[in-house]
Structures are given as structure tokens and as C-alpha cells.
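**Student:** Take this sequence and fold it.
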Amino acid sequence: MQLFSRMARKRSQPVPRKPRRKPRTDALRNRERILDVAKEAFTLYGAAASLDDIARQADVGAGTLYRHFPNRDALIEAVYRSEVEKLAAAGRRFSEIMPPIEALRAWMLLFVDHVAQKHIIAPALNSVVGGVSKLIEGSRSTIHGAIDALVKRAIKSGDLRKNLDPQDLLRPLIGVFYVASGSDAQHSATRLVDILIAGSRRSR
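**Tutor:** This next block holds a predicted model:
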């Protein structure tokens, strides 16, 4: 009887799960290389860029590309999300190595480049089911979190006004790209970064 009772207890105990394997270093390298090449290809040729050419230029086989990105939409989305993640990571890196106001300015200049690139590859992004708005909605909180942290740090240091809304720094930069185009928009937005920071400084 005791034997059956012990067996029943053993059967009722949950089977421990095997820890999920981390991606291999070479697989991660392949993925990053594909994303870098794909970004250039979609910028130059739009959504019609050849996936076979992307794989060849990334020095991987077509099978490797499709293992990471099963279809064209998945690759386009991954390119955009990767750029957003790099933008957020840059904010954290700048905070570690720069004074608050300099870190904020450097990140805002990087944000201008990000918006410019988004407009350049917009035809490719628009080919994704749901279009650009779907991708932007998914990445909005990441971008907002990055600038919120930078602005809070600059407020705490006494560089910026306490009542500053971080989104008041982003909206004008995005708006420039809707009233101008090409390099003019990017140059205007770059100049606007210093104007916005100067207008947001705390009165001494």
C-alpha cells in the first residue's frame, strides 16, 4: 500500500521543464547581419527588394534567412523594431557616459535620424499588413520610455523645467517631416533640437 502511495505522489509531482536554450552566438550574428543588409535594401529598393539578394549580401543561405524571418513582412517589421530597440539602447548608453543635457541632445539628434529613415523606407513599411501605424503603435512606448528617462534625469539635475512634458520635445521634431521633405526636413529638425532644449531650460 505504501508503495502505491509513493508511486502516486511521484506521478502527481510536476515534471521539471528543461531550461530554454539561448540562441547561439553565430545565429545572433547572422540575424543582425541580415537586418543591417535588409535595412539598406529596403531603403534603396522598397518592399520589392530581393530576399535572395539580401541573404547573399549578408553572407548567409536563403534557408538561414527564412529560419529567422519566415516571410517578407516579418523581415520588414524586424528591421523597424530593431531600429527602435537601438534607439532605446542609445538612450541608456548616453545616460551612462554623458551629462544629462548632453545625453538628451545626443538622443534627440539620433531620433531625428530615426524619423528620417522611417520616411525613407515608408514604402516598404506600408507593404506590411496594418501599415506603418501598426508598427508605430507597437514601438511608441519604447520610444516614449527612452525620452522620459532622459528628461527626468535632466530635470533632476536642474537643467530643465520641472513641468516639462517629454512629448513636447518629440512632437515638433516629427512635425517637421510633415511640412518639409528630404534633407531639408532633416536639417530643419536637427536645428530645432537646440531650439527646443534652449526653450526647455530652467530659469536661473
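**Student:** Break down the chain into its helices, ranges please.
**Tutor:** 2-12, 25-45, 51-57, 62-68, 72-97, 100-120, 122-125, 131-156, 167-179, 182-200 (DSSP state H).
**Student:** Please name every helix or strand in contact with the shortest one.
**Tutor:** Helices and strands touching helix 122-125, by 3 or more Cβ pairs under 8 Å, 6 or more residues apart in numbering; DSSP states H and E, are helix 72-97, helix 131-156. C-betas here are computed from N, CA, C, even on glycine.
**Student:** So for the last one, mean pLDDT?
**Tutor:** Per-residue pLDDT values across helix 131-156 average out to 85.
**Student:** hang on, isn't residue 43 packed against residue 119?
**Tutor:** No: the pair residue 43 / residue 119 is not scored as a contact, 10.4 Å apart, by Cβ atoms under 8 Å.
**Student:** and residue 80, how many neighbours does it have?
**Tutor:** 24 (other Cβ atoms under 10 Å).
**Student:** Could I get the contacting residues of it?
**Tutor:** Contacts here follow Cβ atoms under 8 Å, 6 or more residues apart in numbering; on that basis residue 80 touches 118, 121, 125, 135, 139.
**Student:** Check residue 161 and give its pLDDT.
**Tutor:** 94.
**Student:** re the thing from before, looking at the contacts of residue 80, which is nearest residue 78?
**Tutor:** Nearest to residue 78 out of those is residue 135 (Cβ to Cβ; 10.4 Å).
**Student:** contacting residues for the residue nearest to the spatial centre of the chain?
**Tutor:** Closest residue to the average C-alpha location of the chain: residue 84 at 1.0 Å, with Cα atoms, centre = their mean. If you count contacts by Cβ under 8 Å, 6+ apart, residue 84 has them with 114, 139, 142, 143.
**Student:** what's the distance between it and residue 29?
**Tutor:** Distance of residue 84 to residue 29, given as Cβ to Cβ, to the nearest Å: 21 Å.
**Student:** rewinding a little: compare the helices and strands packed on helix 122-125 and give me the one nearest residue 191.
**Tutor:** helix 131-156 (18.8 Å).
**Student:** Mind giving me the packing neighbours of that closest one?
**Tutor:** Secondary-structure packing of helix 131-156 (3+ Cβ pairs under 8 Å, 6+ apart): helix 72-97, helix 100-120, helix 122-125, helix 167-179.
**Student:** Mean pLDDT and distance to residue 148 added to those helices, as a markdown table?
**Tutor:** Converted to a markdown table, those look like this (pLDDT from 0 to 100; distance: least, Cβ to Cβ, whole Å):
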| stretch | mean pLDDT | distance to residue 148 |
| --- | --- | --- |
| helix 72-97 | 92 | 9 |
| helix 100-120 | 90 | 11 |
| helix 122-125 | 73 | 25 |
| helix 167-179 | 88 | 9 |
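**Student:** Put together a markdown table for the ones you listed, with distance to residue 61 on each row.
**Tutor:** Converted to a markdown table, the helices and strands packed on helix 131-156 look like this (distance: least, Cβ to Cβ, whole Å):
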| stretch | distance to residue 61 |
| --- | --- |
| helix 72-97 | 15 |
| helix 100-120 | 28 |
| helix 122-125 | 23 |
| helix 167-179 | 38 |
